[in-house]
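S.K.: just a sequence and a predicted model for now, questions to come.
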Amino acid sequence: MADVVVRQHGVPVLVCDAEGARIATVQDALDHLIGVAFQGADMVAVPTVRFDDGFFDLRTGLAGAVMQKFVDYRLRLVVVGDLSPHLRSGTALRDMVREANRGRHVWFVPDLAALAARLAPEPAG
């Protein structure tokens, strides 16, 4: 499957293919994620397997720099997939994921169904 823009509850989301280019630097994110997102997406959903392990090691600064680029370009980033192998290394990543998921710009979700659920409108009540 190639990268494709889909609408989830009215939000255009670039859903990235797991087989796409590896994201190991900020420039990789600019070239392979942010650049393609300008095809009309407001949000970019990237499988965890696309990110170099350094992204999940907060000491490298890669995650922070990539997330900041998304904010700078007014795009939302969604990291999609199993984080458990990365969460075992300590609490810093776990804390960052929890904080990010409270906001609107960067989310970590287990799958695309969870993303669709987050984007669903609140039920009237």
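M.R.: Cool, the structure landed.
S.K.: going forward, measure contacts between C-alpha atoms and count neighbours the same way
M.R.: Will do.
S.K.: now do the buried residues in the helix or strand of the chain with the lowest mean pLDDT.
M.R.: The helix or strand of the chain with the poorest confidence is helix 35-37; it has a mean of 80 (mean pLDDT, DSSP states H and E). By 16 or more other Cα atoms under 10 Å, the buried positions in helix 35-37 come out as 36, 37.
S.K.: residue contacts, residue 64?
M.R.: Neighbouring residues of residue 64 by Cα atoms under 8 Å, 6 or more residues apart in numbering: residue 58.
S.K.: just confirm it is within a strand.
M.R.: No: according to DSSP: H, G, I helix; E, B strand; the rest coil, the state of residue 64 is helix, so it is not within a strand.
S.K.: measure it to residue 57 for me?
M.R.: When distance is defined by Cα to Cα, to the nearest Å, residue 64 is 10 Å away from residue 57.
S.K.: just to revisit the earlier point, partner strands of the helix or strand following the least confident helix or strand of the chain, parallel or antiparallel?
M.R.: Sequence-wise, the next helix or strand beyond helix 35-37 is strand 43-47, with elements assigned using DSSP states H and E. Applying DSSP bridges, strand 43-47 is found paired with strand 11-15 (parallel), strand 76-80 (parallel).
S.K.: touching strand 43-47 from outside, list them.
M.R.: Everything outside strand 43-47 that qualifies as a contact, by Cα under 8 Å, 6+ apart, is 11-18, 33-34, 37, 75-81.
S.K.: could I get the full set of helices for this structure?
M.R.: When secondary structure is read from DSSP state H, the chain shows helices at 26-29, 35-37, 53-56, 62-72, 84-87, 91-102, 112-119.
S.K.: off-centre distance for the last one?
M.R.: With Cα atoms, centre = their mean, to the nearest Å as the basis, the distance from the averaged C-alpha position of helix 112-119 to the chain average is 13 Å.
S.K.: residue ranges with poor pLDDT in this protein?
M.R.: Counting by pLDDT under 70, the chain shows low-confidence ranges at 1, 124-125.
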